[in-house]
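>>> Provided below for reference: sequence and predicted model.
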2 protein chains.
Amino acid sequence: MPVTIHDVAREAGLSINTISRALNGKPDVNAATRERVLATAHRLGYVPNQAARSMVTGRTGTVGLMVTDPANPIYARLLSGVEAVMRRAGYSLLLYNSGEDPAQEQAGVRSLRQSRVEGLLAVPAPGPPAGSTLAAAATELPVILMLRQVPDSPLDSAGWDNDAGARLAVQHLLALGHRAIGYVGQDLPVSSVRVRHAAYRAALVEASVSPRPEWEAHVRLAAAGAYTATGELLDRAPQLTALFVANDVLAPGVLAAVRRAGRRIPHDVSVVSFGDLDVAAYADPPLTTVHAPVREVATAAAERLLARIRQPELAAPGAPPWRFTAMPYLVVRESTGPAVTTTTPHLPGESP
Amino acid sequence: MPVTIHDVAREAGLSINTISRALNGKPDVNAATRERVLATAHRLGYVPNQAARSMVTGRTGTVGLMVTDPANPIYARLLSGVEAVMRRAGYSLLLYNSGEDPAQEQAGVRSLRQSRVEGLLAVPAPGPPAGSTLAAAATELPVILMLRQVPDSPLDSAGWDNDAGARLAVQHLLALGHRAIGYVGQDLPVSSVRVRHAAYRAALVEASVSPRPEWEAHVRLAAAGAYTATGELLDRAPQLTALFVANDVLAPGVLAAVRRAGRRIPHDVSVVSFGDLDVAAYADPPLTTVHAPVREVATAAAERLLARIRQPELAAPGAPPWRFTAMPYLVVRESTGPAVTTTTPHLPGESP
DNA sequence: TTGAAAGCGCTAACAA
DNA sequence: TTGTTAGCGCTTTCAA
């Protein structure tokens, strides 16, 4: 249906070969001829057929991007960063949403392989078996994991240091004198969540505080779930003077629940979050949060993928996988403050 | 490089034709043969080449999605909704970000046409000339505009009623007794922004309030810009008792600026926003906002595109374009309250 | 029920 | 500098 190279050839009175050469900027084309070809192609509205081109070149100029929830601000930013790098490199982006579902992930990999994407950037869905689909895909094309690690995976991956980031948050609270520090995180069996949770516990232990299950809330849904779960948490463990919220998307719900419980932030309860989305800076009070360098990860992953596409030998068999780990850092705002010691009698003249 | 249908044919001792028929579920294939083909294909890890298939069928099974900023939560949701519909229909999604730049939009359309997308869903970039690239594309393939209208465009489009939505917001403030109502909106020459702005003014006029330019702030960047601009606005027009914020992404900045100016919400300044993103529900105070039915628009646009792909005759030449207009509705939360009349003396016993 | 052959639109040898 | 030809992997007639 659309205009083909034959149409241009006929119209310009040349062979299809010459059209192809002229349009692709190949040498050995008379300047005047090239001019004429370009003009004719433009006049006819000719746009080359990528599929036909791919058939012969073996290259599709397309990479796949698989995320688990494109509406999540973190993935939206990730997508935005990846898209920018790929567009500049002349690659198209085929998007697929696994929705945290391994079966969808498998379907997505198949779909993307049908499209002969030259590489794949993926946030792995939870298992079981975690990462097996992506590992299988990696035998056929370059695959870069993003944000979540798969245990013992030989695949390239880019992310940030969830352990260090979570410790930063908890240590900040400890340094302020807090001991009864609660945890609010997602209930997802993926590495990023697990690592932050483990780091929270480890940081407590290192400060000689025993982690307690009843100080923790694991929520399924985002903001709404966090609201409910935090309310229950504060009922269950009223002694908590601080909360580590493992993900910014939960933070608004947590803040609302704390206020609903009649506790002031940070005076009664300090809150540190993880992510540093826009919401953190403009929450009330502005959230102290661990900045997650999303853009950095997106750019690094995308560029690594481009490098692997261009130099397949980068992934020598048996060579250790490439790993990019961005360092999160703490952004102190106004949702954290010194622990108010309620067991110590107030000094004279001190306000309650 | 990958396994081809020939490899499967050789391995199974059949012709490529039979392989194709068996794999595509065509009739007239012996059950045992089909079984053998499927097993062989699976064993070899055969995945059909979509490009080759497209060459002969003329269908690519791909649609294009062009947005102006995938990191914006509204577009992220839109993308998510579109992806869901397309995935269920067996279509792949090719993503392109115009970044509000008409030149990029043009490059994107070209790229997507090279990929022979069967249809295009697009949030039009601002002009000039607004929509000309998309209008040109529409002569070649089904195009559905989303969220923004292009004046006098013959293209199908889906969005919500920005005029009604903005009026809902302003009338809510008027009904609460506010008269000095300010406006904070983006500085983007696109219909959605313009319509909300015009509706704000119209609603004031209809209530016999003269709109004043000094009551308005038009900001370039999102939250950060809103913070600064709102601060200036409140300095310039301290008499404002309410603000209509034309876009949720600006709201956090506005709230922060209002607080920074020492004004309480809603006691001193009421705030209504537009969008109803997560941020609105969990802001402090929870934002009264006009709910923008993003998912509804995404679904409607995607389904319309599918319908047009399947039945090209839906777009009869000269027929009026399809238009889907979802109705926004007001969600009253806690950021709005009655106007406190400072010029009227307090009644005895009334609290200040 | 299966096979042979044509051809989708294009690029890349190779010839002229 | 330009034209001719082969063929990428697949589906679709048409024959067997």
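Nice, I can see it. What you are looking at is a predicted structure, and each value in this text was computed from that prediction instead of being measured.
>>> now do the strands in chain A.
For chain A, strands defined by DSSP state E occupy the ranges A:62-67, A:92-97, A:120-122, A:143-146, A:156-160, A:181-186, A:216-219, A:242-245, A:270-275, A:288-291, A:323-326, A:329-331.
>>> what is the mean pLDDT for the first one?
Strand A:62-67 shows a mean pLDDT of 98 in the predicted model.
>>> which residues sit against the helix-or-strand element of chain A with minimal mean pLDDT?
When each helix and strand of chain A is scored by mean pLDDT, DSSP states H and E, helix A:278-282 comes last, with a mean of 77. Applying CB atoms under 8 Å, 6 or more residues apart in numbering or on different chains, the set of residues contacting helix A:278-282 from outside is A:73, A:248, A:251-252, A:273, A:286-287, A:289, A:331, A:333, B:222-223, B:227, B:249, B:252-253, B:255-256, B:278-279, B:282-283. (Glycine included, C-beta is placed from N, CA and C.)
>>> got the buried residues for it?
Across helix A:278-282, burial judged by 16 or more other CB atoms under 10 Å in any protein chain shown covers A:D278, A:V279, A:A280, A:A281, A:Y282.
>>> try stretch A:288-307
Across stretch A:288-307, burial judged by 16+ other CB under 10 Å covers A:288-295, A:297-307.
>>> just the ones of the residues you listed in helices?
Judged by DSSP state H, helices contain the following of these: A:294-295, A:297-307.
>>> could I get these in JSON lines, plus columns for distance to B:R212 and pLDDT?
JSON lines is the format used below for these (distance: CB to CB, whole Å; pLDDT from 0 to 100):
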{"residue": "A:V294", "distance to B:R212": "41", "pLDDT": "97"}
{"residue": "A:R295", "distance to B:R212": "40", "pLDDT": "97"}
{"residue": "A:V297", "distance to B:R212": "46", "pLDDT": "98"}
{"residue": "A:A298", "distance to B:R212": "43", "pLDDT": "98"}
{"residue": "A:T299", "distance to B:R212": "45", "pLDDT": "98"}
{"residue": "A:A300", "distance to B:R212": "49", "pLDDT": "98"}
{"residue": "A:A301", "distance to B:R212": "50", "pLDDT": "98"}
{"residue": "A:A302", "distance to B:R212": "47", "pLDDT": "98"}
{"residue": "A:E303", "distance to B:R212": "50", "pLDDT": "98"}
{"residue": "A:R304", "distance to B:R212": "54", "pLDDT": "98"}
{"residue": "A:L305", "distance to B:R212": "53", "pLDDT": "98"}
{"residue": "A:L306", "distance to B:R212": "52", "pLDDT": "98"}
{"residue": "A:A307", "distance to B:R212": "56", "pLDDT": "97"}
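>>> chain B next: which of the residues you listed are close?
With CB under 8 Å from any CB of the partner chain as the criterion, those include none near chain B.
>>> got the buried residues of helix A:278-282 as a markdown table, with distance to DNA strand C columns?
Listed next are those as a markdown table, based on distance: CB to the nearest atom of the strand, whole Å:
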| residue | distance to DNA strand C |
| --- | --- |
| A:D278 | 43 |
| A:V279 | 46 |
| A:A280 | 48 |
| A:A281 | 48 |
| A:Y282 | 49 |
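>>> so A:I19 sits right up against A:A9, yeah?
Yes: A:I19 is within contact range of A:A9, at 5.1 Å (criterion: CB atoms under 8 Å).
>>> quick one: which of the two has more around it?
A:I19 (28 against 18; other CB atoms under 10 Å in any protein chain shown).
>>> ok, that one - contacts?
A:I5, A:V8, A:A9, A:A12, A:V37, A:A41.
>>> just A:V190 next, same as before
The contact partners of A:V190, by CB under 8 Å, 6+ apart, come to A:P124, A:P126, A:A130, A:R148.
>>> least confident of those residues?
Scoring these by pLDDT puts A:A130 last, at 75.
>>> stretch A:263-281 spans what distance, first to last residue?
End-to-end span of stretch A:263-281 (CA to CA, to the nearest Å): 20 Å.
>>> got the buried residues for it?
Residues A:263, A:265-266, A:268-281 are the ones in stretch A:263-281 that count as buried (16+ other CB under 10 Å).
>>> OK, contacts around the closest residue to A:S157 other than its chain neighbours?
With sequence-adjacent residues excluded and distances taken as CB to CB, 6 or more residues apart in numbering or on different chains, A:S157 is closest to A:L145, at 3.9 Å. Listed by CB under 8 Å, 6+ apart, the contact set of A:L145 reads A:A122, A:V123, A:P124, A:G131, A:L134, A:S153, A:L155, A:D156, A:S157, A:A158, A:G159.
>>> again, but for A:Q239
A:A180.
>>> pipe the ones in helices among the buried residues of stretch A:288-307 into CSV and attach distance to B:N49 per row.
As requested, these are arranged in CSV below (distance: CB to CB, whole Å):
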residue, distance to B:N49
A:V294, 34
A:R295, 35
A:V297, 32
A:A298, 29
A:T299, 31
A:A300, 31
A:A301, 26
A:A302, 25
A:E303, 28
A:R304, 26
A:L305, 21
A:L306, 23
A:A307, 25
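>>> how about the residues you listed in JSON lines, adding distance to DNA strand C?
JSON lines is the format used below for these (distance: CB to the nearest atom of the strand, whole Å):
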{"residue": "A:V294", "distance to DNA strand C": "36"}
{"residue": "A:R295", "distance to DNA strand C": "34"}
{"residue": "A:V297", "distance to DNA strand C": "34"}
{"residue": "A:A298", "distance to DNA strand C": "30"}
{"residue": "A:T299", "distance to DNA strand C": "29"}
{"residue": "A:A300", "distance to DNA strand C": "30"}
{"residue": "A:A301", "distance to DNA strand C": "28"}
{"residue": "A:A302", "distance to DNA strand C": "25"}
{"residue": "A:E303", "distance to DNA strand C": "25"}
{"residue": "A:R304", "distance to DNA strand C": "26"}
{"residue": "A:L305", "distance to DNA strand C": "22"}
{"residue": "A:L306", "distance to DNA strand C": "19"}
{"residue": "A:A307", "distance to DNA strand C": "21"}
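>>> between these, which is nearest A:F324?
A:A300 (4.4 Å; CB to CB).
>>> how much space separates the closest one from B:P2?
28 Å (CB to CB, to the nearest Å).
>>> contacting residues around A:V254?
A:V254 touches A:V184, A:A226, A:Y227, A:T230, A:L243, A:V245, A:V271, A:S273, counting by CB under 8 Å, 6+ apart.
>>> got the contact list for the second one?
Think A:A226. A:V184, A:A217, A:V219, A:V245, A:L250, A:A251, A:P252, A:G253, A:V254, A:A257.
>>> from the residues you listed, which would you call buried?
A:V184, A:A217, A:V219, A:V245, A:L250, A:A251, A:P252, A:G253, A:V254, A:A257.
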